[in-house]
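> sequence below, structure please.
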Amino acid sequence: MPPLSHDADFFPGLRQGWGLSFLLNLEPAPEGRNAGSMSSAGLANTYFWIDPLARVGGLIMTQVLPFAAPAVLKAYRAVERAILRRTRRRQSGLRGAPQG
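Predicted coordinates:
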């Protein structure tokens, strides 16, 4: 039987913690995730994150083993970066919009 999981450290060198069922980012992550964001993952390479400060979250679902498959992690990071980049562009555009 092949191994079910690769070793994984999702944020090497960054302070992290655990809450009720979430991995907590205690400082900003390179992909743009804010400190205070939360994430979790499942064995079949299912991942989600919530960034309350950016008011955005994301979900990636696959049925691939082993866990933390490099190709899936690469896609996960790319999707997260794209969503956070777009969210920040949208939010910065809204800050300059007239109120009324």
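> run through the residues that contact the one residue sitting closest to the centre of the chain.
Nearest to the geometric centre of the chain sits residue 49, at 4.4 Å (C-alpha atoms, centre = their mean). By C-beta atoms under 8 Å, 6 or more residues apart in numbering, the residues touching residue 49 are 33, 37-39, 57-58, 80. Backbone N, C-alpha and C define where each C-beta goes, glycine included.
> which two in the residues you listed are spaced the farthest apart?
The most widely separated members of the contacts of residue 49, counting by C-beta to C-beta, are 38 and 80 (13.1 Å).
> just the helices in the protein please.
70-95 (DSSP state H).
> any low-confidence regions in the protein?
Residue ranges of the chain with pLDDT under 70: 1-2, 95-100.
> swap the cut-off to 90 and go again
Across the chain, residues meeting the criterion (pLDDT under 90) sit at 1-21, 29-32, 88-100.
> if we can go back for a sec, can you tell me how far the residue nearest to the centre of the chain is from residue 4?
22 Å (C-beta to C-beta, to the nearest Å).
> roughly how far is stretch 7-16 from the heart of the chain?
Relative to its chain's centre, stretch 7-16 lies at 12 Å (C-alpha atoms, centre = their mean, to the nearest Å).
> my bad, stretch 12-27
Using C-alpha atoms, centre = their mean, the mean C-alpha position of stretch 12-27 is found 11 Å from that of the whole chain.
> pull out the buried positions in that stretch.
Buried residues in stretch 12-27, counted by 16 or more other C-beta atoms under 10 Å: 23, 25.
> ok, now stretch 59-77?
60, 67-69, 72-73, 76-77.
> also stretch 77-88?
For stretch 77-88, by 16+ other C-beta under 10 Å, it's 77, 80, 83-84, 87.
> ok now it, how far from the chain's centre?
For stretch 77-88, the gap between its own C-alpha mean and the chain's C-alpha mean amounts to 9 Å (C-alpha atoms, centre = their mean).
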